[in-house]
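In: got a structure for you, letters missing:
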């Protein structure tokens with residue numbers, strides 16, 4: 001047996017072992033999903049978060065995570081309903097993981113009684129971290145939900161809603177893989193025209209999915225991972241790994257068509273296309289790593305997951321594709337797909353027609369192409385100016401969800417659930433003290449407020465209407481150093497500008513030690529402030545790092561600047577779609593939901609980093625080929641035309657594969673997954689058409705030789721150093 005044969009057998013055996021090990025890891029999907037978190041949307045250093053924790057730890061209270069609607073078959077105030085209602089409230093209050101529970105029968109707070117007087121609201125504050133809160137909410141729903149004479153009990157609130165979101169996301173992950181892999185396989189068959197050639201990127205994609213499960217499982221051991229991270233990470237793992245594998249296989253076919261044997265073709269592929277994949281993966285990873293700058297577990301976990309996926313996709317492609325190409329060797333072109341003409345790389349590059357004519361037209365009319373493309377992108381971005389911010393709640397569940405219906409009914413019937421209810425913590429004013437009484441009385445005069453209540457009593461219109469009940473101020477509820485108040489306002493929307501102004505006014509009140517504010521609106525105010533502050537640092541970081549990488553790789557000053565500008569423009573369509581299609585509901589009837597009425601402020605930075613990274617991915621592919629043609633011919637216009645023609649089919653196939661990978665997200669029952677999938681698809685399509693076909697070549701045509709100017713350029717030495725530029729073969 002010859003040495004070459006032994007090496008081939010060894011490599012083939014190693015390849016088989018790696019693939020089998022990867023496929024064996026696929027069952028980790030269910031295990032990983034069970035360890036993810038449905039919370040983590042708050043900055044733990046923010047005032048609102050720290051005030052909320054102080055309320056729970058010091059006073060046993062805070063914003064309730066569970067709300068139970070109790071609708072009795074007898075009058076609410078009857079002896080039977082009162083006795084059972086008190087007993088039920090006590091049982092909930094003494095359940096494991098519950099800090100305190102209140103109801104109409106224990107505090108006689110009219111906010112806990114429906115407008116028609118036929119239903120009562122029982123609210124409970126839960127203790128512990130996010131995982132424990134979700135588990136406690138599930139236990140309460142299982143134990144108390146349903147028929148419990150004389151009540152019909154519906155359990156809802158932030159805890160049960162988060163649980164519903166999490167369960168749906170975990171279940172849909174398994175279905176997403178079953179849909180995306182066959183779709184990607186069809187794209188690959190159409191792109192490569194042979195079964196064997198298509199099977200190589202597909203195997204890499206499935207291997208990356210398996211590797212992603214290992215990575216995610218490891219991340220859940222060291223950090224809180226969002227329940228949405230597996231869905232997004234798996235889609236990107238499949239799309240990026242197939243993308244990189246397609247580049248390598250395409251270049252290998254070109255080298256083989258040029259007459260190289262299998263071993264030399266593999267080596268040439270790694271020296272050229274391999275460098276491009278490496279650079280692209282580095283740029284994508286650095287773009288996604290910016291998410292780690294945000295001190296919010298949701299964004300950090302997605303940053304860690306997506307960066308790991310991008311690195312894993314590149315490693316998988318660069319290690320396994322050469323092994324697979326060596327193993328299949330001469331058989332790569334076997335299994336032609338019936339009905340599709342077998343087109344090799346060189347044959348497709350020689351095609352002429354409408355696409356070739358178009359690629360020649362853009363460099364001849366650069367001003368028109370640049371103006372038209374920019375106008376289109378700006379127009380698509382206009383809806384984003386109408387963005388209204390608010391956190392994901394039951395309105396992001398499908399329209400037929402029982403939990404969504406229950407939460408909507410509670411919002412409509414009970415002021416405590418529907419309105420703006422901030423919690424104010426006074427650290428240096430004990431309950432019953434003159435400072436606390438005067439503070440509550442003065443605050444209750446605010447025309448925006450209905451009442452101010454807490455351990456000091458209930459106040460309205462400047463007067464104390466009642467003292468605290470034993471349920472409102474149990475033993476140990478108030479520390480000697482301070483006290484707290486629950487503010488019931490007349491404002492209906494916690495995300496409105498009026499509600500945010502109320503939070504600012506409460507924080508500005510003159511009281512010893514200051515007033516700390518917790519609650520949904522306070523958290524939203526703090527999150528918006530944080531994102532606005534970190535966004536500039538994040539944008540500057542991503543621009544500097546990616547710009548420097550492109551400068552080092554392409555040895556050009558203009559190309560990195562142009563890339564940053566065009567990538568920013570390429571995101572406009574996706575951001576406009578967030579508002580037009582989801583917040584305003586223009587796509588809701590097709591996706592089985594309704595308008596969300598607002599946009600979660602954490603979604604724009606997430607989508608910015610993902611879309612920016614993917615756009616840079618295509619930028620590297622296309623510009624690398626244009627640069628190679630320019631170095632070969634010295635003709636900028638010809639280089640642009642040839643570069644577009646040579647990369648057109650590859651970028652199109654790559655975009656289709658990535659769209660197929662993320663398409664299952666748009667079929668989700670959750671609006672947040674639909675939004676991520678839809679925005680990605682729209683951004684990919686716009687980037688591959690308007691940006692890559694019009695905007696980029698037009699800008700490069702106008703720049704002329706300045707495209708390739710560099711302070712490091714020293715004549716022929718520069719050209720020689722770039723002569724091995726990666727060749728991308730469509």
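Out: Nice, thanks for sending it over. From a predicted model like this one, the values you see are computed outputs, not experimental measurements.
In: all helices in the stretch 151-300 of the chain, in order from the N-terminus.
Out: Assigned by DSSP state H, counting those that start in this stretch, the stretch 151-300 of the chain shows helices spanning 158-192, 195-222, 229-257, 262-271, 273-289, 297-328.
In: Buried by neighbour count: which residues of the first one qualify?
Out: Meaning helix 158-192. By neighbour count with 16 or more other C-beta atoms under 10 Å, helix 158-192 contains the buried residues 158-166, 168-170, 172-173, 176-177, 179-181, 183-185, 187-189, 191-192. Just so you know, the C-beta spots here come from the backbone N, C-alpha and C atoms, and that holds for glycine as well.
In: Okay, angle between that helix and helix 229-257 too, please.
Out: Counting by axes from the mean of the first three to the mean of the last three C-alpha atoms, to 10 degrees, helix 158-192 points 10 degrees away from the direction of helix 229-257.
In: on that earlier part again, out of the helices of the stretch 151-300 of the chain, which gets nearest to residue 367?
Out: Closest of the helices of the stretch 151-300 of the chain to residue 367 is helix 273-289, at 29.2 Å (criterion: C-beta to C-beta).
In: Which secondary structure elements does that closest one sit against?
Out: For helix 273-289, the packing partners by 3 or more C-beta pairs under 8 Å, 6 or more residues apart in numbering; DSSP states H and E come out as helix 229-257, helix 297-328, helix 520-554, helix 603-633.
In: Most tightly packed of those?
Out: Neighbour counts (mean count of other C-beta atoms under 10 Å) averaged over each of these peak at helix 229-257, with a mean of 27.
In: Domains in the protein, by residue range?
Out: Domain ranges of the chain: 3-31, 65-156, 163-386+555-721, 402-524, per automatic domain parsing.
In: could you dump these to TSV with distance to residue 543?
Out: TSV is the format used below for these (distance: least, C-beta to C-beta, whole Å):
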stretch	distance to residue 543
domain 3-31	36
domain 65-156	34
domain 163-386+555-721	5
domain 402-524	28
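In: any idea which of those is most buried?
Out: Highest mean neighbour count among the domains of the chain (mean count of other C-beta under 10 Å): domain 163-386+555-721, with a mean of 21.
In: what separates that one from the chain centre, distance-wise?
Out: Here domain 163-386+555-721 is found 17 Å from its chain centre; the criterion is C-alpha atoms, centre = their mean, to the nearest Å.
In: Please list all residues in contact with the residue lying closest to residue 643 once chain neighbours are set aside.
Out: Excluding the flanking residues, the one nearest residue 643 by C-beta to C-beta, 6 or more residues apart in numbering is residue 626, at 3.3 Å. Residues in contact with residue 626 (C-beta atoms under 8 Å, 6 or more residues apart in numbering) are 639-640, 642-644, 700.
In: which pair in those spans the largest distance?
Out: Maximum pairwise distance in the contacts of residue 626, criterion C-beta to C-beta, is 12.6 Å, between 642 and 700.
In: and residue 451, which of the three is it?
Out: What DSSP: H, G, I helix; E, B strand; the rest coil gives for residue 451 is strand.
In: Give me the distance between residue 91 and residue 101.
Out: 9 Å (C-beta to C-beta, to the nearest Å).
In: what residues does stretch 184-195 touch?
Out: 197-199, 201-202, 205, 238, 242, 246, 249, 332-337, 340-343, 649, 653, 656-657, 660-661.
In: Pull the contacting residues for residue 148.
Out: Contacts for residue 148 (C-beta under 8 Å, 6+ apart) come out as residue 88.
In: let's see it at 10 Å
Out: Residues near residue 148 by C-beta atoms under 10 Å, 6 or more residues apart in numbering: 70, 72, 84, 88.
In: Tabulate the residues you listed (a markdown table), appending pLDDT.
Out: Supplementary listing: these in a markdown table, determined by pLDDT from 0 to 100:
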| residue | pLDDT |
| --- | --- |
| 70 | 93 |
| 72 | 91 |
| 84 | 92 |
| 88 | 93 |
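In: Mind picking the two most distant members of the residues you listed?
Out: Pairwise distances across the contacts of residue 148 (C-beta to C-beta) peak at 10.7 Å, for the pair 72 and 88.
In: Spell out the residue ranges of the strands in the stretch 51-200 of the chain.
Out: 66-72, 98-102, 120-126, 146-148, 151-156 (DSSP state E, counting those that start in this stretch).
In: how much space is there between the residue most central in space within the chain and residue 265?
Out: Nearest to the geometric centre of the chain sits residue 606, at 4.9 Å (C-alpha atoms, centre = their mean). Counting by C-beta to C-beta, the gap from residue 606 to residue 265 is 40 Å.
In: Next: residue 556.
Out: Counting by C-beta to C-beta - residue 556 and residue 265 are separated by 29 Å.
In: what helix or strand does residue 381 sit in?
Out: In this assignment (DSSP states H and E), residue 381 forms part of helix 366-381.
In: For the spatially closest residue to residue 60 that is not a sequence neighbour, give me its contacts.
Out: Spatially, and ignoring its direct neighbours in sequence, residue 60 is nearest to residue 99 (4.6 Å; C-beta to C-beta, 6+ apart). By C-beta under 10 Å, 6+ apart, residue 99 lies in contact with 55-57, 59-62, 64-65, 93, 124-128.
In: still on that earlier bit, give me the common contacts of residue 91 and residue 101.
Out: Joint contacts of residue 91 and residue 101 (C-beta under 10 Å, 6+ apart) are residue 140.
In: and residue 424, that one's in a strand?
Out: Yes. Counting by three-state DSSP, residue 424 is part of a strand.
In: Bridging across strands, which residues link to it?
Out: Here residue 424 shows beta-bridge partners residue 485, residue 517, assigned using DSSP bridges.
In: Can you add distance to residue 397 and give the strands of the stretch 51-200 of the chain back as JSON lines?
Out: Compiled in JSON lines, the strands of the stretch 51-200 of the chain are given as follows (distance: least, C-beta to C-beta, whole Å):
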{"stretch": "strand 66-72", "distance to residue 397": "16"}
{"stretch": "strand 98-102", "distance to residue 397": "24"}
{"stretch": "strand 120-126", "distance to residue 397": "20"}
{"stretch": "strand 146-148", "distance to residue 397": "20"}
{"stretch": "strand 151-156", "distance to residue 397": "11"}
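In: Good, we can wrap up now.
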